[in-house]
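1. give me a 3D structure for the following:
(2 chains)
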Amino acid sequence: MSAVSAGAANDLWASAEQALAMMRRQGFEHAQVSVNRHHRHEVCVAHNEASLLRSTQSNKLQLTGLLDGRRADIEGSELDADSLRALVQSLWSNVAAAPQDAANAVSSAQSAQVTRGPQQADTAALADAMRELLDWRAQHTPSVMLEEALAGHTQVRSCTLTSGASALHCALGWYDAGAFGMAREGARSSSFNFCGGNADSLAGEPLVQRFGLEDMLRALTRSVHTEAVGERFTGAVVLTPSAVGSLLGWFLGQLSDSVLIAGSSVYRESLGQRVASPLVTLRSRFDAPGVAPFSADAFALEPVTLLDRGTLTCFTPSLYGSRKTGLAHVPVGAEGWDIAAGDTPLDALIAGVSRGALVDRLSMGRPSANGDFSGVIKNSFAIRDGGIGPALSETMIAGNVAQMLRDVSAVSVPRIDAGAWVLPWLRVEGLHFS
Amino acid sequence: MTTIARQHELETREHELRKTRMLMVDGNLTQNLRTLERGVSARAYVGGYWGFGSEPLAGGAERERVQRQALANAQAMARFGTRSPRPLPPVRHVGRQQHQGRAPLTAAECNERLAELQAWCRRHYPALRSTRFLIGDEHHGKSLTTSLGGDSFARIDRAACAFTLVGEDTTGAPIEVDEWVSGSGTLADIDWSLDALAPKLERAHEHLQAKRHAVGARGGLQTVVLAAPLAGMLAHEAMGHPCEADAVIGGAVTASLVGQPVASELVSMVDFAHTFEGRPTLIPVEVDDEGTPARDVPMIERGILTSFMHSRETAARMGQAPTGNARAYNPHDEPLVRMRNTAILPGSSTMEDMIAGVDEGYLLLKTGNGQADATTEFTFGVTLAYEIRGGKLGRAVRNTTLSGSAIKVLKTVDAVGDAMHWECAGYCGKKQPMVVSMGGPALRARAHLGGE
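-> The predicted model follows:
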């Protein structure tokens, strides 16, 4: 760690210790304090033109106080002693009014110091990466309008202390980029689409070759002229990694506090059972660019496999959720997931579909509590007899997300690495098209 | 004003954002959070490029620092090439927005009321699998000064309460019904008392019982009666977003449709700035975050597409006047073109008549969320719906999805309800979140439903 960053780390540590001491003096029985500093630089594009350079700095001070089994949380952005004192006083008022709950607790004996990724922004590199993307678009996909695009660098330093002697410190830096746009021909437009991701560096590989950007831009140009599917049938979908992300989000939600405590997870009786195709293995990648190494309740994250060849190995309750439900505590982060590559080449994955669609985006409401959903497939192409056909419009698919995971019939060899996730293409059978 | 601010096209905003969020699940207070964020930001326009800088407010030199940062950033963008800067329309607003609300509820009052509601549900609905109550409020105070002499203070205050009843269908699978109450001000300014919520809970419980035996919707084009909350969502998602001028410049199909019919003659739609029928809207915007005095934007007048929502930059680019739609969500965000209070205007039909006029179709009562596209294709999750057969309500329908081209759907509208419903509970997403309100009456139209 450089002298400058060591100094910054010491400042955070001092602020956190000051806050924790103040909370102890106030009378809290247990406490958790996190101090974060966030610096970001971002080059933005609007309507195919470089538009804006942003530089932002923000602080976040998070306090959790427990008293007599009661809990309250408060966050502020000012780290001076007076502001801190005001936050502690407010927290004290709030905790006294909260109901008692024996499941409330803070972490103990956690210790970790993580420094990862580029700590200094190279704004020239951001600009160069964006210029390269704009040039590529103009040359290869001129009908695409990038309504928004950005290349950024984020540096986050954080220090978390608890009254249970946990001490977690991290300094993370990462680059990110993304684009949002559509293709236009005369008065006709494609649907919009977007993709992006995080990386340790933007050097060495053109931006357009990262995160699936090139595929997205080229697909947009083929999506201006669309056809409706025209009739109802039951078929298969090949989900791109972006669409697989929608399934993943629902699945992770079914393993987390809110549905576990409410008893409404569709997997509540399924621990140790096969809940997905044996082709599907889902594991963490908490060391990926931009992924926090600690959970929100102050636990250092260890690697975890949630689905082992389709078998559910654990739930992911927080410390509170674990104490509430009796389920084993498995700390996880908000991001950082990986579905293992399969053994089917992408061409073969598509060739295996007699009738269906290649689906990049599912536009729909939140699936029902039981996993039922219906949604419009966007940025998608018909598949007939193993070949990709026209872009689709106004086409819906309906099914059940839990059943879709069980009905995965092939997993691709290639995957897209977006930093926060690495996902393959999946072929899923048995969706209802209309 | 600092020397820097006088010399350049520059706006400087001090922004305070306070929030409360409490979630009670089956009597357990699983979230009990207050947040306070204060920051100062500056945005400069130099040589056709923008620069932005922000820092936490610390009572010191940060104001001048972020102004210098914004200018330096704008100047640094010249590496993308020299431009002939497009002059931005001059705007200036001086004023201070007031809010006359009740004193906020204390944490103890919030907890007592949550506990009372939970206890009532336990007594009345012991068979429910779970009950959730979420309350929250959010308060923005923004002091803006501009190099054109603008000096304003704007505020947004909104509060919401939601409950979700979770039961089981006949196969044991979980089913849910939820309900929102929202409005301007703090949690003291909206009525989420037991007296007010008990009838809503009772109705939601009846819907939940009906959903136990729900049937799947028939997929495909259907006649649907959209209850007012869905019409508000339709206004916002399906036609509101494609009428944001940055989306228009970006290629939304609305670009070439001004002056043309995009809806039935029964449909008019407006993005209200701060006043509707002589009363403040739920999210009143008197001045936007560029210093533009806000005015109403009529987007559809009796079926004809009329105008778009603008920032200063999009107005300059399209040769129109700015409308006061440039809004920034948090202290570290730059203004973007955003909606404020978007609504379809009421008509003359009653809900009863609209249902009675449907031989075979669906009544859609609640939506979870929605998305729109540049093509005006939209998608809403429908979380509560009933069949209509022979002009009468039938069985409940399992969760489904409503979709279609907004233009095609709005052209099929053959009845518009006479009762407006406004709400301001959720967030609009577009790079940044944003607090908006949406309103509308019930509509009858033809649209696609998801199903087997």
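
2. alpha carbons of the strand or helix carrying A:Ala243, as PDB, please.
-> Mapping A:Ala243 onto the secondary structure by DSSP states H and E places it in helix A:241-253. Backbone C-alpha positions of helix A:241-253 (Å, rounded to 0.1, in the frame of the first residue of the first chain) are rendered in PDB as follows:
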ATOM      1  CA  PRO A 241     -25.600 -14.600 -20.600                       C
ATOM      2  CA  SER A 242     -27.500 -11.400 -20.100                       C
ATOM      3  CA  ALA A 243     -30.800 -13.200 -20.000                       C
ATOM      4  CA  VAL A 244     -29.300 -15.900 -17.800                       C
ATOM      5  CA  GLY A 245     -28.600 -13.100 -15.400                       C
ATOM      6  CA  SER A 246     -32.400 -12.600 -15.000                       C
ATOM      7  CA  LEU A 247     -32.800 -16.200 -13.900                       C
ATOM      8  CA  LEU A 248     -29.900 -15.900 -11.600                       C
ATOM      9  CA  GLY A 249     -31.300 -12.900  -9.900                       C
ATOM     10  CA  TRP A 250     -34.600 -14.600  -9.200                       C
ATOM     11  CA  PHE A 251     -32.800 -17.800  -7.900                       C
ATOM     12  CA  LEU A 252     -30.500 -15.800  -5.500                       C
ATOM     13  CA  GLY A 253     -33.600 -14.000  -4.200                       C
END
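
3. and the contacts of that helix?
-> Residues lying outside helix A:241-253 but in contact with it, judged by CB atoms under 8 Å, 6 or more residues apart in numbering or on different chains, are A:195, A:212, A:239, A:259, A:282, A:306, A:316, A:337, A:339, A:359-362, A:367, A:371, A:401, A:404-405, A:415-416, A:418, A:421, A:423-426. All C-beta spots, glycine's among them, are computed from the backbone N, C-alpha and C.

4. how about stretch A:126-135?
-> For stretch A:126-135, contacts defined as CB under 8 Å, 6+ apart pick out A:41-43, A:45, A:48-50, A:53, A:146, A:149-153, A:175, A:177, A:179, A:202, A:206-208, A:213, B:77, B:79-80.

5. are any of the residues you listed buried, and which?
-> Burial by neighbour count, 16 or more other CB atoms under 10 Å in any protein chain shown: within those this picks out A:41-43, A:45, A:48, A:50, A:53, A:146, A:149-153, A:175, A:177, A:179, A:202, A:207-208, A:213, B:77, B:80.

6. can you name the residues that contact the closest residue to A:Asn198 other than its chain neighbours?
-> In space, not counting the residues next to it along the chain, A:Asn198 is nearest to A:Gly419; the distance is 2.9 Å by CB to CB, 6 or more residues apart in numbering or on different chains. For A:Gly419, the residues meeting the contact criterion (CB under 8 Å, 6+ apart) are A:174, A:176, A:197-199, A:288-291.

7. with B:Val215 instead?
-> Shown here is B:Val215, whose contacts under the criterion CB under 8 Å, 6+ apart are B:387, B:395-398.

8. whichever of those end up buried, select them in ChimeraX.
-> Here is the ChimeraX selection string for the buried members of these, based on 16+ other CB under 10 Å:
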select /B:387,396,397,398
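
9. contact partners for the residue nearest to the spatial centre of chain A?
-> Taking CA atoms, centre = their mean as the criterion, A:Glu335 is the residue nearest the geometric centre of chain A, at 4.3 Å. With contacts defined as CB under 8 Å, 6+ apart, the neighbours of A:Glu335 are A:288, A:290-292, A:420-421.

10. any regions of chain A where pLDDT drops low?
-> Under the criterion of pLDDT under 70, the regions of chain A flagged as low confidence span A:1-9.

11. returning to what we had before: of the contacts of A:Gly419, closest to chain B?
-> The shortest approach to chain B among these belongs to A:Asp176, at 13.3 Å (CB to the nearest CB).

12. helix or strand next in line after whichever helix in chain A runs longest, which one?
-> When every helix of chain A is counted residue by residue (DSSP state H), the longest turns out to be helix A:3-26. Remark: after helix A:3-26, the chain's next helix or strand is strand A:30-46, criterion DSSP H and E.

13. after that next one, next one along is what?
-> The C-terminal neighbour of strand A:30-46 among helices and strands, as given by DSSP H and E, is strand A:49-67.

14. is chain B within reach of that next one?
-> Yes - Strand A:49-67 reaches chain B (CB under 8 Å from any CB of the partner chain) through A:49-60.

15. out of these, which end up buried?
-> Restricting the residues of strand A:49-67 next to chain B to buried positions leaves A:50-60, with burial counted as 16+ other CB under 10 Å.

16. intersect the contacts of helix A:241-253 with the contacts of chain B.
-> When the contacts of helix A:241-253 are filtered against chain B using CB under 8 Å from any CB, the residues retained are A:Pro367.

17. among the contacts of helix A:241-253, name the ones in helices.
-> The helices in this structure, assigned by DSSP H, contain A:259, A:401, A:404-405 from those.

18. quick one: which of the residues you listed is nearest to chain B?
-> Nearest to chain B among those: A:Val259, at 8.3 Å, using CB to the nearest CB.

19. who touches the closest residue to the closest one other than its chain neighbours in this structure?
-> Counting by CB to CB, 6+ apart, the nearest residue to A:Val259 once its immediate chain neighbours are dropped is A:Ser265, at 4.1 Å. Taking CB under 8 Å, 6+ apart as the criterion, A:Ser265 is in contact with A:254-255, A:259, A:315.

20. try 10 Å
-> With contacts taken as CB atoms under 10 Å, 6 or more residues apart in numbering or on different chains, A:Ser265 has the following neighbours: A:253-256, A:258-259, A:315, A:325, A:369, B:174.

21. before we move on, what about A:Val332?
-> Contact partners of A:Val332, counting by CB under 10 Å, 6+ apart, are A:252, A:255-256, A:284, A:286, A:295-296, A:299, A:301-302, A:304, A:306, A:314-318.

22. now the buried members of the residues you listed.
-> Judged by neighbour count, with 16+ other CB under 10 Å as the criterion, the buried members of those are A:252, A:255-256, A:284, A:286, A:295-296, A:299, A:301, A:304, A:306, A:314-318.

23. ok, back up a step: buried residues in the helix holding A:Ala243?
-> Under the neighbour-count criterion of 16+ other CB under 10 Å, helix A:241-253 has A:241-248, A:250-253 buried.

24. put together a markdown table for the residues you listed, with distance to A:Gly352 on each row.
-> As requested, the buried residues of helix A:241-253 are exported to a markdown table (distance: CB to CB, whole Å):
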| residue | distance to A:Gly352 |
| --- | --- |
| A:Pro241 | 18 |
| A:Ser242 | 20 |
| A:Ala243 | 17 |
| A:Val244 | 17 |
| A:Gly245 | 22 |
| A:Ser246 | 22 |
| A:Leu247 | 19 |
| A:Leu248 | 22 |
| A:Trp250 | 24 |
| A:Phe251 | 23 |
| A:Leu252 | 28 |
| A:Gly253 | 30 |
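
25. nice, that's everything, thank you.
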